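>>> here is my input; please provide its structure:
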Amino acid sequence: MFRFLFLFVFVLLSGLSCISASPEPRQDPLIDKIIHAAEEQPIDRELLLQKMIEADVVYLGEKHDNRYHHRMQSALIKRMISKGKKPVIGFEFFYQHQTSDLLQYVFGSKSPFQKKEPSPQEQEKKLRKQLGWQDRTNEEWEFYFNFIRFAKSHQLTVFGADLPDSLVKRMSRSGMDALTPVETRLLQPTGFEDPIYQKLMDSKFTASHCGWNPPELSEKLYAVWVARNDAMAQAIHAMLNEERQGPVVFIVGGGHVEHNMGIYERVAHLNPGVKQINLGFTEIFIDPAPLARYMERPTIDGRTFLPAHEYFWFTQRVDYDNPCEKFKMK
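Modelled structure (predicted):
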């Protein structure tokens, strides 16, 4: 039961869901609008692009299985290139130790022991195997390989940022106290703590569990959540110290930077004065809702948080199923 619920909450919070069948789309006036949350007003795309180019870090918060989000991310990166910038592209969906595989694909030459240069198809197949993506759908693979292919054609630095999946599974199933010294060496704590953020995440875990969230489950979920956010913040921090010709663009599930918390606040802790932009590609709600609903500022223990993102780019949903419906009493 615990294993199922752990996977369920990360599906909802990180967007790690299966690719859904295309729904009958609901028309909504917010779709394709970009809203500056501080003013609750639309912002021109070119103005937003200029702000992104001038930033140190740009978060492109996504729902991982939403094809619209990936198309827009790709378009933004291409526009940065057209402006003479060479962004560094980071991924939540790849692990830090896979960075060398990514960079070898982007920059590497063939082995001196190879008689001929592998074909593009052979290189892609090899990379997919190295990254452990053989069992994912072709559509999922293409969502992210599209960025890597583009990085290769424009010689852009790329990096993976998350902890290894095997370590995440160990933490979630056995708990942090069960980790061996070898495993704990893989963790990368930032030293940043925010008790109120933990309460906020506890409320999100509860909502994602459709109202069910015992304390022992929530503690484990939060410990893993923080460990992953710390690791990704440390990866971004490391790339910020490299010589760059553009911002670090980080492709990540929107939940990891909501309310300018999570990764966002940890990067700020590690890099005082860093200029960050939190752009969230946001699916419209299942049912029609006014803009104010999306801009809600949760309050916990007298502290009011910012809206989920600094800039919202509204998109169509990939499905209209309410996962909690099946748990309602008949």
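>>> and the most centrally placed residue in the chain, which of the three is it?
The chain has residue 252 as the residue nearest its centroid, 1.3 Å off, counting by C-alpha atoms, centre = their mean. Following DSSP: H, G, I helix; E, B strand; the rest coil, residue 252 is assigned to strand.
>>> not counting its neighbours along the chain, what's nearest it?
Closest residue in space to residue 252, ignoring its immediate chain neighbours: residue 92 at 4.2 Å, by C-beta to C-beta, 6 or more residues apart in numbering. All C-beta spots, glycine's among them, are computed from the backbone N, C-alpha and C.
>>> contact partners for the residue nearest to the centre of the chain?
Neighbouring residues of residue 252 by C-beta atoms under 8 Å, 6 or more residues apart in numbering: 59-62, 91-92, 232, 263.
>>> reformat these as TSV; add secondary structure and distance to residue 288.
Formatted as TSV, the contacts of residue 252 follow (DSSP: H, G, I helix; E, B strand; the rest coil; distance: C-beta to C-beta, whole Å):
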residue	secondary structure	distance to residue 288
59	strand	27
60	strand	26
61	strand	23
62	strand	23
91	strand	33
92	strand	31
232	helix	34
263	helix	31
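>>> list just the nearest of those residues to residue 106.
Nearest to residue 106, judged by C-beta to C-beta, of the contacts of residue 252 is residue 91 at 12.6 Å.
>>> for that closest one, name its beta-bridge partners.
Beta-bridge pairing of residue 91 under DSSP bridges involves residue 160, residue 251.
>>> how near is it to residue 35?
26 Å (C-beta to C-beta, to the nearest Å).
>>> ditto for residue 321
Residue 321 is 26 Å from residue 35, by C-beta to C-beta.
>>> can you pick out the residue with more neighbours from the two?
Counted by other C-beta atoms under 10 Å, residue 321 and residue 35 do not tie: residue 35 has more neighbours, with 23 against 11.
>>> the strand or helix carrying residue 223 packs against which elements?
Using DSSP states H and E, the element containing residue 223 is helix 215-240. Packing contacts for helix 215-240, counted by 3 or more C-beta pairs under 8 Å, 6 or more residues apart in numbering; DSSP states H and E, involve helix 2-14, strand 88-95, strand 158-162, helix 165-174, helix 195-208, strand 248-253, helix 263-270.
>>> nearest to residue 289, of the ones you listed?
Per C-beta to C-beta, nearest to residue 289 of these: helix 195-208, 16.0 Å.
>>> gap between the closest one and the chain center?
Distance, stretch centre to chain centre, for helix 195-208: 18 Å (C-alpha atoms, centre = their mean, to the nearest Å).
>>> list the buried ones in it?
Judged by neighbour count using 16 or more other C-beta atoms under 10 Å, the buried positions of helix 195-208 are 197-198, 200-202, 204-206, 208.
>>> cool, stretch 318-326 as well?
Judged by neighbour count using 16+ other C-beta under 10 Å, the buried positions of stretch 318-326 are 318-319.
>>> how long is it end to end?
Using C-alpha to C-alpha, to the nearest Å, the end-to-end distance of stretch 318-326 comes to 19 Å.
>>> touching, residue 48 and residue 278? I think so.
No - with contacts counted by C-beta atoms under 8 Å, residue 48 stays clear of residue 278, the gap being 11.9 Å.
>>> ok, those two, which is more surrounded?
More neighbours surround residue 278 than the other of residue 48 and residue 278, with 27 against 18 (other C-beta under 10 Å).
>>> hang on, the more buried one packs against residue 255?
No - using C-beta under 8 Å, residue 278 makes no contact with residue 255, being 11.9 Å away.
>>> picking that back up, make CSV out of the contacts of residue 252 and add pLDDT.
Formatted as CSV, those follow (pLDDT from 0 to 100):
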residue, pLDDT
59, 98
60, 98
61, 98
62, 98
91, 98
92, 98
232, 98
263, 98
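>>> would CSV of the residues you listed with distance to residue 302 be doable?
Shown next, in CSV, are these (distance: C-beta to C-beta, whole Å):
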residue, distance to residue 302
59, 27
60, 32
61, 27
62, 32
91, 37
92, 32
232, 29
263, 25
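>>> narrow those residues to those that are buried.
Buried residues within the contacts of residue 252, counting neighbours by 16+ other C-beta under 10 Å: 59-62, 91-92, 232, 263.
>>> looking at the residues you listed, which is nearest residue 52?
For those, the closest approach to residue 52 (C-beta to C-beta) belongs to residue 60, at 9.2 Å.
>>> show me what the closest one bridges to in the sheet.
In beta-bridge terms (that is, DSSP bridges), residue 60 pairs with residue 251, residue 279.
>>> OK, contacts around it?
Taking C-beta under 8 Å, 6+ apart as the test, what residue 60 contacts is 69, 73, 76, 249-252, 279, 281.
>>> ok, now which ones touch the closest residue to residue 292 other than its chain neighbours?
Nearest-residue entry for residue 292: residue 40, 7.5 Å, with adjacent residues in sequence omitted and distances by C-beta to C-beta, 6+ apart. Contacts for residue 40 (C-beta under 8 Å, 6+ apart) come out as 291-292, 295.
>>> PyMOL command for the buried members of the residues you listed?
Buried subset of the contacts of residue 40, written as a PyMOL selection, criterion 16+ other C-beta under 10 Å:
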select buried, resi 291+295
